[in-house]
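In: coords below, sequence missing:
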């Protein structure tokens, strides 16, 4: 059977009073397409449907969405990974306001990212050449710097759904640890002081949805554990 | 930094540590009580009240009661900030009720331990 049954979340606030699901029959010609290819085929049938995409190879992080109940990047998710019983349900990332169809407002996600000051801070005088780092110290940033901010993790986290204005969320905390772990950053104490309240870090209950959905295979839960360790070391 | 005034530790780190230490104490106390009941099948009032008349048992019990109070306060505070997250008035009322109930049960527990 090469016809795929696709159920697509549709919402245009200018014309629709409420969101609804629209059904499409997509001829895959038996190929194991990426979900993004299916969206392109849907777009041929109905040009009013809207989604974000850019690089189509899992680098830009634009096409994060919920596919059969699990967040991921449509461009690097083959149908064989998500389709069950020849059905595919596509929804926008959960927990973020919908602008139209699969396009969500990422403002609250970016505000939490901004809050952790995602840039190198160093009080020491600027050296004549670049700030050096040993290969061992550089290795500590592996598994942290690769994040592309697609929001698949934070928008799959119930703690972020509840308190997106107070809990930094897995994406922001992974980046927070990326700068806490950087040997060239001297703002460690100030960074930790901003995180020790009951929400920013400690709202993480360790259910690891973030790890399960990350398209880059990163582990925000481990980074959050490391931040907790640093807070504890600093305060006892 | 997010400010908070109705959680026991005032800081997430303190709450987190309180939650874990009190959980260990409660686990030890539960294991002890269950073990004691299993190893004393024909338990009567004299033996039971004899156990609780000893100073170490009263200290251990009070430690468990204080742990239960702290554990409940931290845990329920977190529940209210999730599930009652949109209703400030109801949340504050429930948090106040929880803190007062924890206090009442704790004092009652002390009275049971040292009374009679």
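Out: Right, received. Where do you want to start? Everything quoted here is computed from the prediction, not taken from an experiment.

In: for whichever residue of chain B sits closest to chain A, what are its contacts?
Out: Per C-beta to the nearest C-beta, residue B:12 is where chain B lies closest to chain A, at 3.5 Å. All C-beta atoms are positioned from the backbone trio N, CA, C, and that covers glycine. The contact partners of residue B:12, by C-beta atoms under 8 Å, 6 or more residues apart in numbering or on different chains, come to A:196, A:197, A:198, A:199, A:200, A:201, A:202, A:203.

In: mind checking which of the residues you listed are in helices?
Out: With helices defined by DSSP state H, no entry of the contacts of residue B:12 lies inside them.

In: tell me which two in those are the farthest apart.
Out: Comparing all pairs in the contacts of residue B:12 by C-beta to C-beta, the longest separation belongs to A:196 and A:203, at 12.5 Å.

In: what does chain B have sitting close to chain A?
Out: B:1-4, B:7, B:9, B:11-13, B:15-17, B:77-78, B:81-82, B:85 (C-beta under 8 Å from any C-beta of the partner chain).

In: and residue B:64, how many neighbours?
Out: Residues lying near residue B:64 (other C-beta atoms under 10 Å in any protein chain shown) number 20.

In: so residue A:185 touches residue A:119, yeah?
Out: No. With contacts counted by C-beta atoms under 8 Å, residue A:185 stays clear of residue A:119, the gap being 9.2 Å.

In: need the residues touching each of the two.
Out: Contacts common to residue A:185 and residue A:119, judged by C-beta under 8 Å, 6+ apart, are residue A:179.

In: which residues touch stretch B:104-112?
Out: The contact list for stretch B:104-112, computed with C-beta under 8 Å, 6+ apart, reads B:61, B:62, B:65, B:66, B:69.

In: how far off centre is it?
Out: Offset of stretch B:104-112 from its chain centre (C-alpha atoms, centre = their mean, to the nearest Å): 11 Å.

In: quick revisit: near chain B, which of the contacts of residue B:12 show up?
Out: Contacts with chain B within the contacts of residue B:12, counted by C-beta under 8 Å from any C-beta: A:196, A:197, A:198, A:199, A:200, A:201, A:202, A:203.

In: give me the most central residue, chain A.
Out: Most central in chain A under C-alpha atoms, centre = their mean is residue A:151, positioned 2.1 Å from the mean C-alpha point.

In: what is the longest helix seen in chain A packed up against?
Out: Ranked by residue count, the top helix of chain A under DSSP H comes out as helix A:220-235. Counting contacts by 3 or more C-beta pairs under 8 Å, 6 or more residues apart in numbering or on different chains; DSSP states H and E, helix A:220-235 packs against helix A:169-180, helix A:188-193, helix A:209-213, helix B:12-39.

In: show me chain A divided up by domain.
Out: Chain A is divided into the following domains under automatic domain parsing: A:3-104, A:107-235.

In: please identify the deepest-packed of these.
Out: domain A:107-235 (a mean of 18; mean count of other C-beta atoms under 10 Å in any protein chain shown).

In: how long is it from one end to the other?
Out: Domain A:107-235 has an end-to-end distance of 33 Å (criterion: C-alpha to C-alpha, to the nearest Å).

In: that older thread, in PyMOL, how would I select the buried members of the residues of chain B next to chain A?
Out: Burial among these is assessed by 16 or more other C-beta atoms under 10 Å in any protein chain shown; the matching PyMOL selection reads:
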select buried, chain B and resi 2+4+7+9+11+12+13+15+16+17+77+78+81
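
In: no further queries at this time; thank you.
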